[in-house]
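A.B. asks: no letters, just coordinates:
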Ligand code: ADP
Ligand code: MG
């Protein structure tokens, strides 16, 4: 008997069908949000061909917090960029919910990227001349046309404040990035990534530039958001202590996924 069956825990992707009672069978299935199959990616440096991903299969389920770990150069960022349609694979498929996305026209990929994926990186990429709350509003300003932005501005402001409160930045709304600590800048970047209410947050080494304490706070913030926003999170990290707080760890070694832990 599998461990899941012994403990009666519902596993991602598994359905349960109660057999007793007069009502129609109840099916509960945790849907897949992102999946990749047989993903290959190489880079070309002059005449040199550098294979990075050599047949990666990964499935990410709704509400799951997955950490991708592996040595420097093992292809973690490459995989995350492919998941977020920032780059195209040489071979293989990437699916978002029920839709294959790696072969969509650029404009459709951009639409999905802007509306369904939030992204954060090791360096926060905040605009230095804008305040915290203005930085959080930037994706809405870019995505909406002027009239639509003005019509919805009050709603966006309320949501930006709510998110900044959730990430512990309510007391720094009008500060500029130069007046913030690294951890505060990253928490602002998290709020900005969530202003469009994405389904998935993709994070590339979000604690990589922070000391242990600030990194721990950023991780706690992400774990809290996973719960309160029902967010699916895929996070690349080389920090095992941080990775162990996720629901699941995917390890990349030599271009392949070697070990899955739950
Ligand atoms: P990780 O994030 O695990 O450190 P990356 O995915 O950034 O690894 O990189 C994997 C490998 O691919 C490295 O050897 C890196 O030098 C190479 N690489 C990454 N991006 C490029 C690029 N744009 N052009 C050429 N080589 C690249
Ligand atoms: Mg990287």
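C.D. replies: It's in. Quick caveat: nothing in here was measured; it's all calculated off a predicted structure. Ligands and ions are numbered 1, 2, ... in the order given.

A.B. asks: residue 44: how many residues sit nearby?
C.D. replies: Here the number of neighbours of residue 44 (other C-beta atoms under 10 Å) works out to 8. (C-beta placed from N, C-alpha, C; glycine too.)

A.B. asks: within the helices and strands, which one has the nearest residue to it once chain neighbours are set aside?
C.D. replies: Computed as C-beta to C-beta, 6 or more residues apart in numbering, the closest residue to residue 44 that is not its neighbour in sequence is residue 50, at 7.3 Å. Using DSSP states H and E, residue 50 falls within strand 48-61.

A.B. asks: one step back: number of nearby residues for the residue nearest to residue 44?
C.D. replies: A count of nearby residues for residue 50, using other C-beta under 10 Å, gives 10.

A.B. asks: then residue 71?
C.D. replies: Taking other C-beta under 10 Å as the criterion, the count of residues near residue 71 is 12.

A.B. asks: hmm, back to that, what's the residue nearest to residue 44 in contact with, if anything?
C.D. replies: By C-beta atoms under 8 Å, 6 or more residues apart in numbering, residue 50 lies in contact with 42-44.

A.B. asks: which SS class is residue 36?
C.D. replies: For residue 36, the secondary-structure state derived from DSSP: H, G, I helix; E, B strand; the rest coil is strand.

A.B. asks: that one touches residue 57, doesn't it?
C.D. replies: Yes. Contact criterion C-beta atoms under 8 Å: residue 36 and residue 57 qualify, at 6.6 Å.

A.B. asks: so between the two, which is more surrounded?
C.D. replies: Taking other C-beta under 10 Å, residue 36 and residue 57 do not tie; residue 36 has more neighbours (21 against 12).

A.B. asks: show me what that one bridges to in the sheet.
C.D. replies: Going by DSSP bridges, residue 36 is paired in beta bridges with residue 58, residue 94.

A.B. asks: what score does it have for pLDDT?
C.D. replies: The model reports residue 36 with a pLDDT of 95.

A.B. asks: list the contacts of it.
C.D. replies: Listed by C-beta under 8 Å, 6+ apart, the contact set of residue 36 reads 56-58, 79, 82-83, 89, 92-95.

A.B. asks: who wins for most neighbours among the residues you listed?
C.D. replies: Neighbours here mean other C-beta under 10 Å. Within the contacts of residue 36, the largest count is held by residue 79, at 28 neighbours.

A.B. asks: contacting residues for residue 57?
C.D. replies: Shown in contact with residue 57 (C-beta under 8 Å, 6+ apart): 36-39, 257.

A.B. asks: quick one: contacts of whichever strand or helix holds residue 81?
C.D. replies: Assignment of secondary structure by DSSP H and E places residue 81 within helix 76-83. By C-beta under 8 Å, 6+ apart, the list of residues contacting helix 76-83 from outside reads 34, 36, 39, 41, 52-53, 56, 58, 68-70, 87-89, 94, 102, 202-205, 234, 236, 238, 252.

A.B. asks: just the buried residues from these, in PyMOL please.
C.D. replies: The buried residues among the contacts of helix 76-83 can be selected in PyMOL (16 or more other C-beta atoms under 10 Å) with this line:
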select buried, resi 34+36+39+41+52+53+56+58+68+69+70+89+94+102+202+203+204+205+234+236+238+252
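
A.B. asks: filter the contacts of helix 76-83 to keep only those in contact with ligand 1.
C.D. replies: Filtering the contacts of helix 76-83 for neighbours of ligand 1 using C-beta under 6 Å from any ligand atom leaves 52, 70.

A.B. asks: now, the contacts of helix 76-83 that are in strands?
C.D. replies: When the contacts of helix 76-83 are checked against strands (DSSP state E), the matches are 34, 36, 39, 41, 52-53, 56, 58, 68-69, 94, 202-204, 234, 236, 252.
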